[in-house]
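Trainee: Got a predicted model here, sequence first, then my questions.
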Amino acid sequence: MRNKASAVLLGAALALAASGAAYAQDKTVKIGVLTDNSGLYADLGGPGSTVAAQMAIEDSGMAAKGWKLDLISADHQNKPDIGTSIARQWIDVEKVDVLMDVLNSGVALAVNNVVKEKNNLMINSGAATSDLTNAQCSPNTVHWTYDTYMLAHSTGQALVKAGGDTWYFLTADYAFGAALERDTTAVVLANGGKVVGTVKHPLNTADFSSFLLQAQASKAKIIGMANAGGDTTNTIKQAAEFGIVSGGQKLAGLLLFISDVHSLGLPVAQGLNLSATFYWDANDQTREFSKRFSERMKTKSKPTMVQAGVYAGLLHYFKALEALGGNPHDGAKVADKMKEIPTDDTLFGKGMIQPNGRAIHPAYLFEVKKPSESKYPWDYYKLIGTTPAEQAFRPLAESTCPLLKK
Amino acid sequence: MSDDTIPTARRPVRDEMIAFVIMTALLLVVPLTGVYPFFVMQGLCFALLACAFNLLIGYGGLLSFGHAMFLGTAGYVTAHALKVWGLSPELGILAGVAGAAALSVLTGLIAIRRQGIYFAMITLALSQLLYFVYLQTPFTHGEDGIQGIPQGLLFGFINLAKPITLYYVILTGFLFGFLVIYRAINSPFGEVLKAIRENEPRAVSLGYKTDQYKLLAYILSGTLAGFAGALKVFVAQNASLTDVHWSMSGEIVLMTLVGGLGTVFGPVVGAFVIIAMQQYLAGFGQWVTVIQGGIFVICVLTFRRGVIGEIAHYFKRSL
Amino acid sequence: MSINLQALMAQLLVGLINGSFYALLSLGLAVIFGMLNIINFAHGAVYMMGAFCAYFLLNVMGIGYWPALIIAPIVVGIFGMILERTMLQWLAGLDHLYGLLLTFGMALIIQGVFQNYFGSSGLPYAIPAELQGGMNLGFMFLPIYRGWVVICSLIVCLATWFLIERTRLGANLRAATENPTLVRAFGINVPRMITLTYGLGVGLAALAGVLSAPINQVRPLMGADLIIVVFAVVVIGGMGSIMGSIITGFALGIVEGLTKYFYPEASNTVVFVLMVLVLLVKPSGLTGRTT
């Protein structure tokens, strides 16, 4: 295995030629989970994404059908450089067939290019940027779970309709913050609402009181938090301190996960509105999955929608492989097959993958329960609205994806 | 010629030549050994960067805590030149290096007026300001970075999209930069720098305009760091904010220290050690940062001269 | 943008509150630098440990906020002293760089271990019942807890300053850093003094951590980005100058507060603009002695 010096390099050309003919018998698949294991987003994806992928492999029953599935995982440390070089090495040396999760938009966009160049496959679950299936779409990328467009639409639309017609934005001064704010603003305006102000704060701000005072003074009914991770949790915690919610204003988390709510605790998080495409306590099937999932986690946490997306995306990938009868080691070909088969899984329900790679499924608007309403651990959300799959994500007509212009 | 009596008077150039030949030979055969070439290319870019940094601290005694700004600036300029202006690779590199050179002149004029920890702090502050600028200007695309940069044809006929070709081009670039630094260290200019590091007032009293020498060293170091940044664009095919962040500046310091401060080959070894750590520890899941931290602690407590520094010390050689 | 005087007042006050954290943290850093000549890059990590310590005292042992304010700094301070005894003391007399690197490595280890056991998103810590709520000052709503932070920080800062600049113990300490051999000749145990000093600096950071636990999410990385700002404060104030870093800490809070109002995007960067300006005009910092 070692001294494959020239073989590695010549192999690329040969593999392409060989794969066309011999794949029908090839039933080996290597799956790589590329995520943030040690940083800011480790609770959203991280080790949990690897657990989810492992569960998908076991639940698929592929091994019994003669498939040989391998799983590896690595930490991209939130650096595009490290992400791309791991991706390259995985594809070239480890012969990985599909990259899972790849949270962090910057890393995802960088890996997106590598995967396209090498005709591999990325099933992204954790990245927020809607560019992955829009301007920078690729025949080799499928984007599961969520994106900024969906978050903005689901949250923005529902809140304006419920009477929250004046908005003030607290936006992280980063591309994802700007995208969230832009998309949400469009929705708010389209539904007859008004944006009365916005303040951009630097990433990783510890203290939000200045910004919260400005938001308070604006008298907007809704304070939209177009930020993520520690910034969002600090905003929420300090908003409670400054009496924002008790003063009658509502907080809307545009990019908030159940792991954030869990870490805040209900006394602080109650009354928050947020959107998600998966909630562990939605039905018997999600509860069954989540129970098994949390038993495997060191922290005993319930799955986030990102981790659920890794599971569902991988299962759908296996379906495509089975339909192909073998592994063609050709990312675009598998992606096409995935788009052909309608998606239907226990976690996200029925949906499909659009030609631009966007997996669409219903989206839900939740409100965080009061402490008195929560009956058992992790009983956090109550459902207040559902958006059907076709309306939750960007319509193809609006997409600038070059793949659509054939 | 008895050695040991006046250690700084005459450098044992022969040892360094042998080491250089060994290093070059090793690097030349890398693609034939099955070691993954992209990893080595990345290592080479960082090795050049660390060497450039080492020129400033190891020989000029100036600790810059903002060297990432040159790496990032050249990276952004080159990336933009290639992708948006559609320039050829050689012009793209030139643009990037020119950008870094201009930046080093500007920041050098400010920073060079201070010494020691204050010099470090001023360079840190300047690089933080630059980070802010890059975050705000639209052409860098914020944290998404500039992606999918075309590699193109160098001089119109060398296809950089082929990994093996790219490898040798990067290697050539690295060796060129390395030799420039080596030449600078062993020139009269380098001797004056060392004299300033040892005792600045004495150098002043000997009639040297020490500020000019320091500025020149700073500009040379910044420009070469920029060269490394421009080369890295072809390897990574992206330019992002991580390259201008202060933690990158910290990493450069670490690389040089791990390899051996003020040694000719130390930064090269250090860069490869750190890059290998990031790459191969990635599979250790959540323990990456802990292992990394542990290695630094051990390094500082047990072999402070760095890998090459300790070897050189053991054999009483200069490397 | 029309300047609203009331809003401006509010921003100044909020800035002062943040300044109290900067002051406490930079004070600890300055004490350590002044006495040990070490740039303590683990300062952010011990700040985080202080907050976590408060969390555990509450949730595991049922010890509330007020005792935690004393216990957590002592626990973390002892931890710091162990670090000093086992590792840092071997670096005496070496370049700043090695101390910086060693403490940086320690910070990575500490943060990594916490991250592994408690995840990245952190743990909740509530404001103590006595300090909940707020009062309406007319121009803004001031949470009582924030007012307490300012007062507590001011008292601790001044007490530390007094201890080091005005007492016999402090005089010995300062003398020990100037000329350890001579001080040793007077029969003073210099290494023990240095260890205690490091413990004091670390304890101050832990105290800041406890104070911030009810305001900020208790996260493993909560101190990771803070260190560089706090370090800038120490440089601006004059390396090793106690009063300098206290004053600069509060001042930076106010300047940041104003920046958050006029040009919010730059509020994390403004400290570096200040640093460049100060170092160009007055190289040794605002109150520093020339070196």
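Mentor: Ah, there it is. Numbers count the residues shown, from 1 in each chain, chains lettered A, B, ... in the order given.
Trainee: Give the buried residues for stretch A:26-35.
Mentor: Buried residues in stretch A:26-35, counted by 16 or more other CB atoms under 10 Å in any protein chain shown: A:Asp26, A:Lys27, A:Val29, A:Lys30, A:Ile31, A:Gly32, A:Val33, A:Leu34, A:Thr35. To be clear about C-beta, it is placed using only N, CA and C from the backbone, and glycine gets the same treatment.
Trainee: now do stretch C:169-181
Mentor: Under the neighbour-count criterion of 16+ other CB under 10 Å, stretch C:169-181 has C:Gly170, C:Leu173, C:Ala175, C:Ala176, C:Thr177, C:Pro180 buried.
Trainee: Just those residues: which are in helices?
Mentor: The helices, defined by DSSP state H, take in C:Gly170, C:Leu173, C:Ala175, C:Ala176, C:Thr177, C:Pro180 from these.
Trainee: Can you tell me which of the buried residues of stretch A:26-35 lies closest to chain C?
Mentor: The closest of the buried residues of stretch A:26-35 to chain C turns out to be A:Thr35 (CB to the nearest CB; 11.9 Å).
Trainee: does stretch B:260-277 come close to chain A?
Mentor: No: using CB under 8 Å from any CB of the partner chain as the criterion, no contacts between stretch B:260-277 and chain A are found, and the smallest distance is 8.8 Å.
Trainee: tell me how far that stretch is from the chain's mean position?
Mentor: Stretch B:260-277 has its average C-alpha position 10 Å from the chain's average C-alpha position, going by CA atoms, centre = their mean, to the nearest Å.
Trainee: Could you list the residues in contact with it?
Mentor: In this structure, residues lying in contact with stretch B:260-277 by CB atoms under 8 Å, 6 or more residues apart in numbering or on different chains are B:16, B:19-20, B:23, B:39, B:42-43, B:46-47, B:49-51, B:53-54, B:57-59, B:178, B:182, B:185, B:251, B:254-259, B:291-292, B:295, B:305-310, B:312, B:318-319, C:97.
Trainee: Just the buried residues out of those residues, in ChimeraX syntax.
Mentor: This is how ChimeraX selects the buried members of the contacts of stretch B:260-277, with burial counted by 16+ other CB under 10 Å:
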select /B:16,19,20,23,39,42,43,46,47,49,50,51,53,54,57,58,59,178,182,185,251,254,255,256,257,258,259,292,295,305,306,307,308,309,310,312,318,319 /C:97
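Trainee: Near chain A, list only the ones from the contacts of stretch B:260-277.
Mentor: B:Phe39, B:Gln42.
Trainee: So which bits of the stretch 51-200 of chain B are right by chain C?
Mentor: Residues of the stretch 51-200 of chain B that fall close to chain C, judged by CB under 8 Å from any CB: B:63, B:110, B:113-114, B:116-118, B:121-122, B:124-126, B:128-129, B:131-132, B:136.
Trainee: Quick check: ChimeraX command selecting the buried ones in the residues you listed.
Mentor: When burial is assessed using 16+ other CB under 10 Å, the buried subset of those is captured in ChimeraX by this command:
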select /B:63,113,114,117,118,121,122,124,125,126,128,129,131,132
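Trainee: Doesn't A:Lys30 lie inside a strand?
Mentor: Yes: according to DSSP: H, G, I helix; E, B strand; the rest coil, A:Lys30 belongs to a strand.
Trainee: What is the burial count for the residue nearest to A:Leu99 when sequence neighbours are not counted?
Mentor: Leaving out its chain neighbours, the residue that sits closest to A:Leu99 by CB to CB, 6 or more residues apart in numbering or on different chains is A:Met122, at 4.6 Å. Other residues lying near A:Met122 total 30 when counted by other CB atoms under 10 Å in any protein chain shown.
Trainee: what comes up buried for the longest helix anywhere in chain C?
Mentor: The longest helix of chain C (DSSP H) is helix C:5-36. Residues of helix C:5-36 classed as buried by neighbour count (16+ other CB under 10 Å): C:7, C:10-36.
Trainee: pretty sure B:Leu216 is touching B:Gly190, no?
Mentor: No: B:Leu216 is not in contact with B:Gly190 according to CB atoms under 8 Å; the separation is 10.9 Å.
Trainee: sorry, back to before: give me the helices and strands touching the helix or strand following the longest helix of chain C, please.
Mentor: As assigned by DSSP states H and E, the chain's next helix or strand after helix C:5-36 is helix C:43-59. If you count contacts as 3 or more CB pairs under 8 Å, 6 or more residues apart in numbering or on different chains; DSSP states H and E, helix C:43-59 packs onto helix C:5-36, helix C:65-86, helix C:96-118, helix C:190-212, helix C:226-237.
Trainee: Let me see the mean pLDDT of the next helix or strand after the last one.
Mentor: Right, helix C:226-237. Downstream of helix C:226-237, the next assigned helix or strand under DSSP H and E is helix C:242-262. Averaging pLDDT along helix C:242-262 yields 91.
Trainee: hmm, helix C:242-262 in reach of chain B?
Mentor: No: contact check for helix C:242-262 against chain B, using CB under 8 Å from any CB: none in range, with a minimum separation of 11.7 Å.
Trainee: Centre of the chain to that helix, how far?
Mentor: Helix C:242-262 has its average C-alpha position 14 Å from the chain's average C-alpha position, going by CA atoms, centre = their mean.
Trainee: Is that helix in proximity to chain A?
Mentor: Yes: Helix C:242-262 lies within reach of chain A by CB under 8 Å from any CB, at C:Gly257, C:Lys260, C:Tyr261.
Trainee: If I take that helix and helix C:5-36, what angle do their directions form?
Mentor: Here helix C:242-262 runs at 150 degrees with respect to helix C:5-36, directions being taken by axes from the mean of the first three to the mean of the last three CA atoms, to 10 degrees.
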